[in-house]
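S.K.: Need coordinates for the below:
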Amino acid sequence: MPKEYKSSNSIPQAATDSIALPNDVAGSGTLDRLVDSARDYAAAATAENTNKAYTADWKHFSRWCRQKGAEPLPPSSELIGLYITDLALPADASPALSAATIDRRLSGLAWNYTQRGFSLDRKNRHIATVLAGIRRKHARPPVQKEAILAEDILAMVAALPFDLRGLRDRAILLLGYAGGLRRSEIVSLDVNKDDTMASGGWIDILEDGALLWLNAKSGWRTVEIGRGSSEQTCPVHALEQWLHFAKIDFGPIFVRTSRDGKRAVDARLSDKHVARLIKQTVLAAGIRSDLPEKERLAMFSGHSLRAGLASSAEVDERYVQKHLGHASAEMTRRYQRRRDRFRVNLTKAAGL
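M.R.: This is a model prediction of the structure:
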């Protein structure tokens, strides 16, 4: 068995660790620093949450292979076809995975194989035909999170205290809502361009509003956030208040606070904070209080902010599409929980 297969039951050395000087090149301080920088760039090639998901995908597949008496390396299309078949079948301890989740698992495996110097052909008939059958038999519309509408976001920010932590969380909610931002985009913002290696963008605060520069999934895009009708609900004012009282003029915009909530500390917030904040303020504001608490918590997530903007903004759909950075109007419509679906009536237009 070739050497690189020996440790196939465990996670092999990280792809970033394989970045090193060629064997015939002598090391030096300058070259060693370049190696470190190259590893940093390689680590930033995919988002942190994506890396975690791909790592979990490989662990699950490796464990499944051990249970079946097989090896995950080198890649076998036949074996992976059986693996995704097993994922689509309900087991005693767990339900069957959705077609979308299985497809994402395949993406994780393909990425992991690439990092290990292999390639996975997802178009191979053993994989493609099985996946097509799973989609045809088990595919269902995606479960959509509830949209946070205008009256909801107002109630949520009103439920926050006015200490430093409250100022921060108010800015997060208002900026995320008005910008239609993903939770990862919110917490990745820096004050200035090139402040940190982990930056996902920065903000220019102008007289009429704020301009966000975002390094999104499809590349760089800008988001314009105008000032609100009142200071109490203006996302730009909320951001200015947070930056002023937290004394932040460099590095991450949204950072942790001290235990007493009175002082900002130099640690960027995780995107999980945004998800927790949304759920906590939904409960505190009494939104959908007609339902049990467990159901209310399950209804809302970070995407509720994006869906809320798409559903509440009374403007032409193309402006919403541009604001959210969607490539198609159809994707924007998926986020619109409340819209006049029959505004354009082709039945009448056709003469019926």
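S.K.: sec struct for residue 137, please.
M.R.: helix (DSSP: H, G, I helix; E, B strand; the rest coil).
S.K.: my bad, residue 119
M.R.: With three-state DSSP as the criterion, residue 119 reads coil.
S.K.: Over to residue 280. Which of the three states is it?
M.R.: helix.
S.K.: okay, it: pLDDT?
M.R.: You'll see residue 280 listed with a pLDDT of 95.
S.K.: Tell me, how many residues neighbour it?
M.R.: Neighbours of residue 280 under the rule other Cβ atoms under 10 Å: 15. Bear in mind the C-beta positions are built from the backbone N, C-alpha and C, glycine included.
S.K.: which residue is nearest the middle of this protein?
M.R.: residue 184 (5.3 Å; Cα atoms, centre = their mean).
S.K.: and it, what element?
M.R.: helix 183-187 (DSSP states H and E).
S.K.: What helices and strands are in contact with that helix?
M.R.: Other elements packing on helix 183-187 under the criterion 3 or more Cβ pairs under 8 Å, 6 or more residues apart in numbering; DSSP states H and E are helix 164-179, helix 271-284.
S.K.: Which secondary structure elements does the next helix or strand after that helix sit against?
M.R.: Going down the chain from helix 183-187, the next helix or strand is strand 189-190, by DSSP H and E. Here strand 189-190 touches strand 201-205, going by 3+ Cβ pairs under 8 Å, 6+ apart.
S.K.: related to what we said a few turns ago, correct me, but the residue nearest to the centre of the chain touches residue 272?
M.R.: No: counting by Cβ atoms under 8 Å, residue 184 stays clear of residue 272, with 10.1 Å between them.
S.K.: okay, now residue 172: neighbour count?
M.R.: 28.
S.K.: tell me which residues in the longest helix seen in the chain are buried?
M.R.: For the chain, the helix with the greatest residue count under DSSP state H is helix 48-67. By neighbour count on 16 or more other Cβ atoms under 10 Å, the buried set for helix 48-67 is 50-51, 53-54, 57-58, 61-62, 64-65.
S.K.: Ok, stretch 104-122 next?
M.R.: Neighbour counts over stretch 104-122 (16+ other Cβ under 10 Å) mark 104-106, 108-113, 115-116, 120 as buried.
S.K.: could I get those as JSON lines with secondary structure, distance to residue 247 and pLDDT?
M.R.: Listed next are the buried residues of stretch 104-122 as JSON lines, based on DSSP: H, G, I helix; E, B strand; the rest coil; distance: Cβ to Cβ, whole Å; pLDDT from 0 to 100:
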{"residue": "104", "secondary structure": "helix", "distance to residue 247": "41", "pLDDT": "91"}
{"residue": "105", "secondary structure": "helix", "distance to residue 247": "45", "pLDDT": "93"}
{"residue": "106", "secondary structure": "helix", "distance to residue 247": "47", "pLDDT": "94"}
{"residue": "108", "secondary structure": "helix", "distance to residue 247": "41", "pLDDT": "93"}
{"residue": "109", "secondary structure": "helix", "distance to residue 247": "46", "pLDDT": "95"}
{"residue": "110", "secondary structure": "helix", "distance to residue 247": "45", "pLDDT": "94"}
{"residue": "111", "secondary structure": "helix", "distance to residue 247": "40", "pLDDT": "92"}
{"residue": "112", "secondary structure": "helix", "distance to residue 247": "43", "pLDDT": "93"}
{"residue": "113", "secondary structure": "helix", "distance to residue 247": "47", "pLDDT": "93"}
{"residue": "115", "secondary structure": "helix", "distance to residue 247": "41", "pLDDT": "87"}
{"residue": "116", "secondary structure": "coil", "distance to residue 247": "46", "pLDDT": "88"}
{"residue": "120", "secondary structure": "coil", "distance to residue 247": "49", "pLDDT": "92"}
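S.K.: tell me the two of the residues you listed that are most distant?
M.R.: Greatest spatial distance in the buried residues of stretch 104-122: 104 and 116, 19.2 Å, computed using Cβ to Cβ.
S.K.: related to what we said a few turns ago, can you tell me which of the buried residues of stretch 104-122 is closest to residue 81?
M.R.: Closest to residue 81, out of all of the buried residues of stretch 104-122 and judged by Cβ to Cβ, is residue 106, at 10.5 Å.
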